[in-house]
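Chemist: Take a look and give me a structure for this.
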Amino acid sequence: MTKNEPAIKSEWENDEVKVIIPYSAAGISNTVVLYSKFTGKMMLLDVGDGSTRDLLDLYGDKIVNEVDVIAISHGHFDHMGGLYTLLGYMRMMGRSLPLNILIPKGCKEVEEIVSFFRSNYRESLPFDLWFHELFDGSGFDTDFFKTRAFEVKHYGLENVTEDDIFMPALGYRIRIGQTIVAYSGDTRYCESLETGVRDADIAIIEATHDELPETSRRVHLCRDEAIKAGSLAKDYILIHGIPGYQ
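Modeler: Residues are numbered from 1 along each chain as shown. Next up, the predicted model:
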């Protein structure tokens, strides 16, 4: 794999932060881990199918209490399909710390999962569980991760019209110590993407298409667009390619 090819698995690190993408493939699953080297705390960007297994392979049972916050970019299954399993594992293993989940305002898919889980296990849930709706320019800070959201332009099969009716979708810009990590989520090329990734220490950019699709209905970035956006940051990783399964 070269820098200009989307990674299924990839890593980046500096003195403060280690970024691990245990798995990323469009239409299957996407998970990004931000690990603070000074505190041992983790932030998850999206939790696609299989994320609990992948996280256990990396960190073992540390994920039960060391995951500080989760940010979901949008409600498509390959970005949030592993959330229920992760919450179930944390409950079974007796997580004691509150868990905050950041979502785009109006992201009903994640809102309903969290609300159902909280309601269904009200009497036996050992930790407080909350979701927080964010929008363009809003933020959410914990002691370890300072997060700002930026709006991106993404839609899928939910839009049955030919109009640009976008689903709730966000990218995130996170400060860990003095390190800035930017994450595009899924988007077509837009000005807010450029603003969100500019001058970040590392930008994690989706690059679903090898080439620019011959359609005006743009859903994802192609590789050249992702490189253009990533080049605005100090370094970048391309993820979320379409796997070559036959």
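
Chemist: Can you pull out the low-pLDDT segments for the protein?
Modeler: Within the chain, the segments meeting pLDDT under 70 span 1-4, 215-216, 245-246.

Chemist: same thing but at 80, please
Modeler: For the chain, the stretches with pLDDT under 80 are 1-7, 160, 162, 213-217, 244-246.

Chemist: in the longest helix along the chain, what's buried?
Modeler: The longest helix of the chain (DSSP state H) is helix 108-120. Residues of helix 108-120 classed as buried under the neighbour-count rule (16 or more other CB atoms under 10 Å) are 109-111, 113-114, 117. Bear in mind the C-beta positions are built from the backbone N, C-alpha and C, glycine included.

Chemist: Out of the residues you listed, flag the one nearest to residue 176.
Modeler: Nearest to residue 176 out of these is residue 110 (CB to CB; 23.0 Å).

Chemist: Tell me how far the spatially most distant residue from the centre of the chain lies from residue 91.
Modeler: Relative to the centre of the chain, and counting by CA atoms, centre = their mean, the farthest-placed residue is residue 123 at 30.0 Å. Counting by CB to CB, to the nearest Å, the separation of residue 123 from residue 91 is 12 Å.

Chemist: What ranges does this protein have for its helices?
Modeler: Counting by DSSP H, the chain has helices at residues 51-59, 63-66, 77-80, 83-92, 108-120, 191-197, 223-230.

Chemist: I'd like to know which of those helices lies nearest to residue 166.
Modeler: That would be helix 191-197 among the helices of the chain, by CB to CB, at 11.5 Å.

Chemist: Can you mark which positions in that closest one are buried?
Modeler: Across helix 191-197, burial judged by 16+ other CB under 10 Å covers 192-193, 196-197.

Chemist: which strands and helices sit next to it?
Modeler: Contact partners of helix 191-197 among helices and strands, from 3 or more CB pairs under 8 Å, 6 or more residues apart in numbering; DSSP states H and E: strand 146-151, strand 170-176, helix 223-230.

Chemist: redo that, cut-off 10 Å
Modeler: Counting contacts by 3 or more CB pairs under 10 Å, 6 or more residues apart in numbering; DSSP states H and E, helix 191-197 packs against strand 146-151, strand 170-176, strand 179-183, strand 202-206, helix 223-230.
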